[in-house]
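Peer 1: Build me a structure from this.
(one chain, ligands or ions: 2)
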Amino acid sequence: MNPVYTQLGTTIFEAMSARARASGAINLGQGFPDGRGPEDVLAEAARALIEESNQYPPMLGTALLRQAVVGHYRAHQGLDLALEEVIVTSGATEALACAIFALVSPGDEVVMFQPLYDAYLPLVERAGGVAKLVRLEPPHWRITADALAAVASDRTRLVILNSPLNPAGTLVNAAERALLADFCVAHDAIAICDEVWEHVMFDGAQHRSLIAEPGMRERTVKIGSAGKIFSLTGWKVGWMCAAPQIAEVLAKAHQFMTFTTAPNLQAGAAYGLGKDRRYFEEMRAGYQRSRDRLTAGLVGLGYAVLPCAATYFVNIDLTASGVEMGDVAFAEWLIAEAGVATIPVSAFYAEAPVTNVVRLCFAKQDATLDAALARMERRP
Ligand code: PMP
Ligand code: GLN
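Peer 2: Ligands and ions are numbered 1, 2, ... in the order given. All right, here's what the predicted structure looks like:
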């Protein structure tokens, strides 16, 4: 058996959700909304299921969805992508796996940033890559030139960037984007940009992809997810966009990973991407209200909450909150004693973890957030 997998635990998201289901805890752990999602997008997928083909769609995705991705990024991010540069995948997770397996050869060094979405490291290791980890720290979680220089070598081949960043709730700023682009160009490295949170931003923040930086158009794989954009995380429809010479190789990985993705869900996602700007603004405004509701409640209970500019997550700084437990112990106490599931942020570190931050998902109905806050009136 392959040691990468025999030595791997179950993801913290699944572990916490399973415990919440078993114990009746309110689940603010794994990131998923508890609403139904947009009815018109659901209706379009349902219509396509009944009225259209349920046989294999084209390997690279339906022309309708690929065209919708091109149009969406033109309208919302000013990008000029061609149809041949878009490959539909079964969730961003499949896109990450395809990109990593297609682009990493044994011994290649891959720069990643901790906190690290949990799929990255095992995929890089399974591909034979060598992880070079940059450690980001609260409260600002910023990438510095010195930190990048410390992990650079003549074997640097790839950078994996997640922005907006789960779990930190930050976006890379202009200086960081310039730094990363210069780094990739200087090392002739490709950037895999996990942008699944690209629409979930607050207070007027703007998402800018690394693909738009000078020198990056030909060396970026931009990954998105309909699950996040439409609050339908179970759909597992995603895509990867890259210049043709990279996309051709990504397609080879995709053809033997899943080959294709449910056609009715592709129809729903294509319809959704064409919705007018107001939908996206209202979605953001709704989540912003939920962020503010949970934050105000937590502050009212004496917790120090880190700033959240994006994603569905707020983080409690335990040290600043006067909690003397580490994040794992606190999350354990909270689920066992108060009946609220959260995610200890140390789970996002492979080495030298930050141990005083706990993540809570606010993409929930007001009643769910209020019930969780009521349970959290008990403090350890
Ligand atoms: N990357 C990040 C940073 C995520 O937060 C998630 C899901 N929450 C994914 C990838 C996976 O996306 P999908 O469900 O589309 O596979
Ligand atoms: N990305 C989600 C989160 O951060 C979890 C996704 C999963 O469970 N695979 O909570």
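Peer 1: could you pull out the helices for this protein?
Peer 2: Here the chain has its helices, by DSSP state H, at 3-6, 12-23, 39-51, 63-77, 91-103, 120-126, 145-151, 174-186, 226-229, 244-255, 263-273, 277-300, 327-333, 366-375.
Peer 1: Quick check: which of those is buried the most?
Peer 2: Ranked by mean neighbour count under mean count of other CB atoms under 10 Å, these are led by helix 226-229, which reaches a mean of 26. C-betas here are computed from N, CA, C, even on glycine.
Peer 1: what about that one, near ligand 2?
Peer 2: No - contact of helix 226-229 with ligand 2 (CB under 6 Å from any ligand atom) is absent, the minimum separation being 8.4 Å.
Peer 1: so what does that helix touch, helix or strand wise?
Peer 2: Here helix 226-229 touches helix 91-103, helix 263-273, going by 3 or more CB pairs under 8 Å, 6 or more residues apart in numbering; DSSP states H and E.
Peer 1: if we go to 7 Å?
Peer 2: Packing partners of helix 226-229 (3 or more CB pairs under 7 Å, 6 or more residues apart in numbering; DSSP states H and E): helix 263-273.
Peer 1: List of residues touching the helix it packs on?
Peer 2: Contacting residues not belonging to helix 263-273 are listed as 38, 41-42, 44-45, 48-49, 52-54, 57, 61-62, 64-65, 68-69, 72, 88, 226, 229-230, 235, 237 [CB atoms under 7 Å, 6 or more residues apart in numbering].
Peer 1: and the residue of the chain found nearest ligand 1, what does it touch?
Peer 2: Per CB to the nearest ligand atom, the residue of the chain with the smallest distance to ligand 1 is Gly91, at 2.8 Å. Residues near Gly91 by CB under 7 Å, 6+ apart: 225, 227, 236-238.
Peer 1: out of the helices of the chain, which comes closest to Met201?
Peer 2: helix 277-300 (6.4 Å; CB to CB).
Peer 1: Poorly predicted segments of the stretch 101-250 of the chain, please.
Peer 2: Applying pLDDT under 70 to the stretch 101-250 of the chain flags no residue at all.
Peer 1: Pull up the residues of it that are close to ligand 2.
Peer 2: The stretch 101-250 of the chain has residues Asn166 near ligand 2, with proximity defined as CB under 6 Å from any ligand atom.
Peer 1: Where does the stretch 201-350 of the chain get nearest to ligand 2, residue-wise?
Peer 2: For the stretch 201-350 of the chain, CB to the nearest ligand atom, closest residue to ligand 2: Ile343, 6.7 Å.
Peer 1: Grab the nearest non-local neighbour of the residue nearest the centre of the chain.
Peer 2: In the chain, the C-alpha nearest the mean C-alpha coordinate belongs to Val196, at 4.7 Å (CA atoms, centre = their mean). Of all residues not flanking Val196 in the chain, Ser225 sits nearest, at 4.0 Å (CB to CB, 6 or more residues apart in numbering).
Peer 1: count of residues packed around the residue of the stretch 201-350 of the chain closest to ligand 2?
Peer 2: Here the number of neighbours of Ile343 (other CB atoms under 10 Å) works out to 26.
Peer 1: okay if I get the helices of the chain as JSON lines plus distance to Leu136?
Peer 2: Shown next, in JSON lines, are the helices of the chain (distance: least, CB to CB, whole Å):
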{"stretch": "helix 3-6", "distance to Leu136": "24"}
{"stretch": "helix 12-23", "distance to Leu136": "18"}
{"stretch": "helix 39-51", "distance to Leu136": "34"}
{"stretch": "helix 63-77", "distance to Leu136": "24"}
{"stretch": "helix 91-103", "distance to Leu136": "19"}
{"stretch": "helix 120-126", "distance to Leu136": "14"}
{"stretch": "helix 145-151", "distance to Leu136": "8"}
{"stretch": "helix 174-186", "distance to Leu136": "10"}
{"stretch": "helix 226-229", "distance to Leu136": "21"}
{"stretch": "helix 244-255", "distance to Leu136": "27"}
{"stretch": "helix 263-273", "distance to Leu136": "31"}
{"stretch": "helix 277-300", "distance to Leu136": "21"}
{"stretch": "helix 327-333", "distance to Leu136": "16"}
{"stretch": "helix 366-375", "distance to Leu136": "27"}
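Peer 1: quick one: the residue sitting furthest away from the middle of the chain from Trp141, how far?
Peer 2: Among residues of the chain, the one most distant from the C-alpha centroid is Glu51; the distance is 32.6 Å, by CA atoms, centre = their mean. Shown here: Glu51 relative to Trp141, a distance of 46 Å by CB to CB, to the nearest Å.
Peer 1: Run through the residues that contact the residue nearest to Arg293 when sequence neighbours are not counted.
Peer 2: Of all residues not flanking Arg293 in the chain, Leu369 sits nearest, at 5.5 Å (CB to CB, 6+ apart). Counting by CB under 7 Å, 6+ apart, Leu369 makes contact with 290, 293-294, 297, 362.
Peer 1: In JSON lines: the residues you listed, plus pLDDT.
Peer 2: As requested, those are exported to JSON lines (pLDDT from 0 to 100):
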{"residue": "Ser290", "pLDDT": "98"}
{"residue": "Arg293", "pLDDT": "98"}
{"residue": "Leu294", "pLDDT": "98"}
{"residue": "Gly297", "pLDDT": "98"}
{"residue": "Phe362", "pLDDT": "98"}
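Peer 1: any chance of these in a markdown table, with distance to Ala329 too?
Peer 2: Listed next are the contacts of Leu369 as a markdown table, based on distance: CB to CB, whole Å:
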| residue | distance to Ala329 |
| --- | --- |
| Ser290 | 27 |
| Arg293 | 27 |
| Leu294 | 22 |
| Gly297 | 22 |
| Phe362 | 23 |
